[in-house]
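Undergrad: task: produce atomic coordinates for the following.
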Amino acid sequence: MEAPMIYEIRRPKNIVPGKKYPALFVMHGIGSNEHNILSLVNGLEDFFYIFSVRGHLTQGPGFAYFTIQGYGKPHREVFDEGINKLTNFIDYASENYPLDSNQLYLMGFSQGAIVSMTLASTLGNKIKGVVALSGYIPQFVKEEYIINPGNQLSVFISHGEYDQILPYEWGKENVDYFIKLGVPVTFQSYPVGHTVSNKNLQDYQIWLLNDLQTT
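TA: Numbers count the residues shown, from 1 in each chain. Have a look, this model is predicted:
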């Protein structure tokens, strides 16, 4: 079976035959690519199979998972297609690699955070946790998608207090949204713009490894 999307993979160093491993699916920001975002997960390959997934659309020098018609408003049909492709990719990886289906995690920055939170809120118990860095959940997802976060999901959300691309308030709205769904949320803010600080990186990596141990 051919992979439905282009991706980079990082594996644990010493693979034990027959053992199933946690997986971390990583999604980049608009105009970036599957290589650039790997710096945010350095070292985590000791614990996860890491799949860094390239957006299927060309965007400037890089790629994207969807296009935008206005501020905070993705093109609905293009967005739906991106979500379907990412869902199919998760299924592809689960079928072709030794992954523990109870320990699948999503992580993304900006546009990658947007698709990660959308997938996490709709794929039920397929997703164990999500790290969403500086994103939002489109209104049509909240209102028109079939929302099913399952009963094992937990979420780490972070946002820059001076984010000039996606407002800080949008990060807070994500928190409120998941709390209303009954999902445990860890929220962290940082005195930065639309970026990931070193403290942010340390915090979500600690959160991921702690959540992994609570399985």
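
Undergrad: separation between the residue of the chain positioned farthest from its centre and residue 98?
TA: Here the chain has its C-alpha centre computed as a mean, and the residue farthest from that point, by Cα atoms, centre = their mean, is residue 17 with 27.9 Å. Taking Cβ to Cβ, to the nearest Å as the criterion, residue 17 is separated from residue 98 by 9 Å. C-beta coordinates here come from the backbone N, C-alpha and C atoms, glycine included.

Undergrad: any idea which element the residue farthest from the centre of the chain lies in?
TA: Of the helices and strands defined by DSSP states H and E, none includes residue 17.

Undergrad: contact partners for it?
TA: Applying Cβ atoms under 8 Å, 6 or more residues apart in numbering, we find residue 17 in contact with no residue.

Undergrad: state the mean pLDDT of the longest helix anywhere in the chain.
TA: The helix of greatest length in the chain, counted in residues with DSSP state H as the criterion, is given as helix 76-96. Helix 76-96 carries an average pLDDT of 97.

Undergrad: roughly how far is the longest strand seen in the chain from the heart of the chain?
TA: Selection of the longest strand in the chain by residue count, based on DSSP state E, yields strand 99-109. Its chain's C-alpha centre and that of strand 99-109 lie 8 Å apart, by Cα atoms, centre = their mean, to the nearest Å.

Undergrad: mind listing what's buried along that strand?
TA: Across strand 99-109, burial judged by 16 or more other Cβ atoms under 10 Å covers 99, 100, 103, 104, 105, 106, 107, 108, 109.

Undergrad: any idea how far residue 133 is from residue 153?
TA: 17 Å.

Undergrad: helix or strand: which one has residue 130?
TA: When secondary structure is defined by DSSP H and E, residue 130 falls within strand 129-133.

Undergrad: what lies in contact with the helix or strand bottoming out on mean pLDDT in the chain?
TA: When the helices and strands of the chain are scored by mean pLDDT, DSSP states H and E, strand 68-70 comes last with a mean of 90. Defining contact as Cβ under 8 Å, 6+ apart, one finds that strand 68-70 is touched by 74, 75.

Undergrad: state the pLDDT value of residue 215.
TA: 59.

Undergrad: tabulate the CA atom coordinates of stretch 207-215 in CSV.
TA: This file holds the C-alpha atoms of stretch 207-215, laid out as CSV (Å, rounded to 0.1, in the frame of the first residue of the first chain):
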residue,chain,number,x,y,z
TRP,A,207,3.9,16.7,29.2
LEU,A,208,4.1,14.1,26.4
LEU,A,209,6.4,11.7,28.4
ASN,A,210,4.3,12.1,31.5
ASP,A,211,1.1,11.4,29.6
LEU,A,212,2.7,8.4,28.0
GLN,A,213,3.5,6.9,31.4
THR,A,214,-0.1,7.2,32.5
THR,A,215,-1.4,4.8,29.9
